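Pasting the sequence and the predicted model now:
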Amino acid sequence: MAKEEKTETDEAAEAAPAKPAVTMIHVRFSADGSVNEIGERPTSLTPQDWFNRLSDKAGTKFQPLSGGRGIFRLPPEEVEALKTMTAN
């Protein structure tokens with residue numbers, strides 16, 4: 001059997017890191033239900049404000065978890081758009 005040779009395109013594809021298909025934003029809630037910690041938060045927003053924005057614009061992509069936690073699963077482009085949008 002002949003050994004397959006790799007082309008330059010194959011090597012470039014292997015060397016380039018793959019873009020994530022989804023960004024997972026972890027949320028941790030306090031006992032009173034307010035947001036204590038949340039990932040991907042713009043510095044201009046409080047954790048609660050960032051959670052509210054995500055809930056308003058992408059609430060269907062939130063999954064509650066046990067232990068006062070939850071997760072948003074969003075495409076990276078959508079996360080960036082939500083980060084840069086102005087508050088309504």
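Received the coordinates, thanks.

drop to CA atoms for contacts and neighbour counts, all remaining ones
Noted.

Okay, now the unreliable bits of this structure?
1-16, 86-88 (pLDDT under 70).

for this structure, longest helix please?
Longest helix of the chain, by residue count under DSSP state H: helix 47-58.

how far out from the middle of the chain is that one?
13 Å (C-alpha atoms, centre = their mean, to the nearest Å).

Which positions within that helix qualify as buried?
The neighbour-count check on helix 47-58 (16 or more other C-alpha atoms under 10 Å) flags 47-48, 50-51, 53-54, 58 as buried.

so who does the residue nearest to the spatial centre of the chain touch?
Closest to where the C-alpha atoms of the chain average out (C-alpha atoms, centre = their mean) is Thr23, at 2.8 Å. By C-alpha atoms under 8 Å, 6 or more residues apart in numbering, the contact set of Thr23 is 72-76, 79.

Could I get the full set of helices for this structure?
8-15, 47-58, 76-84.

Dump the ones you listed into JSON lines; add distance to Ser34 as well.
JSON lines is the format used below for the helices of the chain (distance: least, C-alpha to C-alpha, whole Å):
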{"stretch": "helix 8-15", "distance to Ser34": "43"}
{"stretch": "helix 47-58", "distance to Ser34": "7"}
{"stretch": "helix 76-84", "distance to Ser34": "20"}
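
my read: Lys61 touches Glu78, true?
No: using C-alpha atoms under 8 Å, Lys61 is not in contact with Glu78; the gap is 11.4 Å.
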